[in-house]
Every structure is written in C-alpha cells, then in structure tokens.
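Q: Whatever this is, show me its structure:
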Amino acid sequence: MAPQSPQAPTSLLRRHTQRVALATLITTILIAPGALMAEGTSASKPPAPFNARKASSTALKAAPKITGKPIKLDALAVQDKSSKQFRFDGEELYFGVEVSGSDAARASLRVGKRQTARGVTFVPVSGNAITHGFFAKSYPADNKADTFINIDTLQPIKADKVIKEKDESRTYKVRYDPKTFNAAVEKTLSKDKKSRKNNYDKPVPASIHDGISWLYELRLEPLKNGDVYTYYIYDGWKLSRFKVTVVGREKAWTPIKEYKAVKVDIERTILNSAWPKGSKNRTTPQLTEREKPYYFSSIHLSDDAQRLPVRIFITTKTADADLKLVKIVEAAK
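A: Numbers count the residues shown, from 1 in each chain. As a prediction, the model looks like this:
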C-alpha cells in the first residue's frame, strides 16, 4: 500500500493558520513562549500609530451593486465607552495550540505601556504566531500583529498584520477612521523576491474593531448569562460580524490550573459593505451578508475581574484548534 500523502496535515495547518491570522481572534495569535522578550517587539518599542495612509480625499467612485441579505447595524454596538476602563496594561498571555489533537503552535499576546500622541491616549498590543514541531518543518508560519487601541473608545487607531507562510508574505496596514466610516488599507504581497502593493478604502461601521481590540472590550463587559454582544471586525481583508453569546458558567482546564470560567460562543457572518449610491461624503455603509452566519469559536474567560481568555476553541471546515493558557504575566496595578 502506498504511503499516505504528507499534504493532509499541511493543508490542515494552512487553513488553521489562515483562520487564526485572518479572522484574528488574536486571542489566537501564535508564538513560542519567551521569543518576544528575546527578540524585542513593538509592544516594548512600538512604531508610531499615526503614520498610516490617510483616507483618500478624492471623489468617491460609484458604489458597487451589493447583493445578499441586508444587515441592520446593531445600535448597541455604538455606545459610550467611558464606563469601561482599560486595565490590561503590561499583561502577557501565552498559549499552547493543538490542531486536530496535535501540538502545532505557540501563541502570545502582549500589552505595552500607555502612551499619548496628538492628544490621543493609546496602548499597543502585540501578538506573534509561530508553528511548532512537525508543523514548523512541514509548513513554517510566522505571523505578527500590532494594534494600537484608543483607550477612550476601545477601538483601533491602526493595525498592522504580517503573515509569513512558507515562501509568501502578506502585510496589511490599516488606518481606522470611525467618524468617516472608513478603513484605509495598504496591502503588500511578497513572493519569490517580488512585491506588489495595493491601496484601497473599505466602508466600515462606526463601531469597527480589528481582530485584537474587540477581545479587550469583551473582557470589560458584565458577561451575564444570556447576554449577547455584537462586534464588527476588519483587518484589511474580510469584514466580519461576531455575535457573541454568553452561554453560561463552567470549569475550563489548562496546564496552569482548572479555572471557573464564563463560556461565550461566537457566530461569525462575512459581510459585504458599500457606501450608499450617490454619497458625497463618507456615511454609514450598507451591509449585506456575503456568507451565511456560522459557528466559529468558543472562548472560556476566567470568572473573575481579570476575565483571562484561558481556553479558546476554533473550528473550520477541515480542522479544529484548541488553545490553552500556559503562562501569564499579570497586568500592572
């Protein structure tokens, strides 16, 4: 009998790393523990958060025809954030990651020091991803992300994502302007020593998040059983809506300890967006379903004031990923 093709696990990992990087539950960005401190990251020395391309001031092109079920923006998604005090400065979280039961990767999130620029106070958050063991040899992936969160709105000012998988690299630099319902994107694709750059604007809701910032806002919510929260997420590729439902309390095991936890389920909807036809200025975009809603992930958050994401489960059509918290550096007090 001929040996099985080695492409199967590689295909699974590719889909997993794309889901992790693209949907960016950056609760799920992967890295080997300790590498951030050894190499240095933007969490300790972040790039300037205001240097991304500004939104285009040229006249808007005709809005494309949009199809699919219309999406009504959740009014509760745009609300006063003054009562939610960001309290995660200095926090570091490290995860071990299994894909379909195999040890596949390492993950971490690091929150930097609070800073002020142009009258805006922000905090940088960095995540890295690196495959591990057999997966690192069969399909090497090293993904990085930097997000700068406005602590008054809890929304991103700017987010950079660098996705390196095998011989291909993709970089997304996104500058968010919720007041004009716009995300300005600079995308760079590099392969075989050749690079191609593309700039474009994306209509987004005023409550827009990236794959990192939404998690920190969720951790500041009351999270009562039955509560439902809505987040719109954009990182330079697909616009998503996360419907997050608090399903109850239960225990969650990790290598650190067994936690009393709040479990939330996440339903994801991929969206199309367009500014209304004839718009002379940026305004609330029209949203429609690009793909039907589907179950995407479950997260266990510690049932205490820290709301640590202690265990995360992500499912795709071809593989499942299970992240377990393995190390914590607590937030500064």
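
Q: CA only for contacts and neighbour counts going forward, please
A: Noted.

Q: Would you mark the buried spots in the longest strand belonging to the chain?
A: Counting residues, the longest strand found in the chain (DSSP state E) is strand 258-274. By 16 or more other Cα atoms under 10 Å, the buried positions in strand 258-274 come out as 259-274.

Q: Convert the C-alpha atoms of it to CSV, please.
A: Output of strand 258-274 as CSV, limited to C-alpha atoms (Å, rounded to 0.1, in the frame of the first residue of the first chain):
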residue,chain,number,x,y,z
GLU,A,258,-8.6,24.5,36.3
TYR,A,259,-10.5,27.7,36.1
LYS,A,260,-14.0,28.7,37.0
ALA,A,261,-15.0,30.2,33.6
VAL,A,262,-17.6,32.1,31.6
LYS,A,263,-18.2,30.5,28.3
VAL,A,264,-19.1,32.5,25.2
ASP,A,265,-20.0,31.2,21.8
ILE,A,266,-19.2,33.2,18.6
GLU,A,267,-21.3,33.2,15.5
ARG,A,268,-19.5,34.8,12.5
THR,A,269,-21.0,36.4,9.4
ILE,A,270,-18.9,37.6,6.5
LEU,A,271,-20.2,40.9,5.1
ASN,A,272,-20.2,43.0,2.0
SER,A,273,-20.1,46.8,2.5
ALA,A,274,-20.7,49.8,0.3
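
Q: If you count contacts, what does that strand end up packed against?
A: In terms of contacts (3 or more Cα pairs under 8 Å, 6 or more residues apart in numbering; DSSP states H and E), strand 258-274 is packed against strand 194-203, strand 239-253, strand 286-289, strand 294-302.

Q: so can I have CSV of these showing mean neighbour count, mean pLDDT and distance to Tyr176?
A: Formatted as CSV, these follow (neighbours: other Cα atoms under 10 Å; pLDDT from 0 to 100; distance: least, Cα to Cα, whole Å):
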stretch, mean neighbour count, mean pLDDT, distance to Tyr176
strand 194-203, 14, 92, 10
strand 239-253, 19, 96, 13
strand 286-289, 20, 92, 18
strand 294-302, 21, 94, 25
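
Q: beta partners for the nearest residue to Tyr229 once chain neighbours are set aside?
A: Distances taken as Cα to Cα, 6 or more residues apart in numbering put Val244 closest to Tyr229, at 5.0 Å, once the chain neighbours are dropped. When assigned by DSSP bridges, Val244 has beta-bridge partners Tyr229, Ile266.
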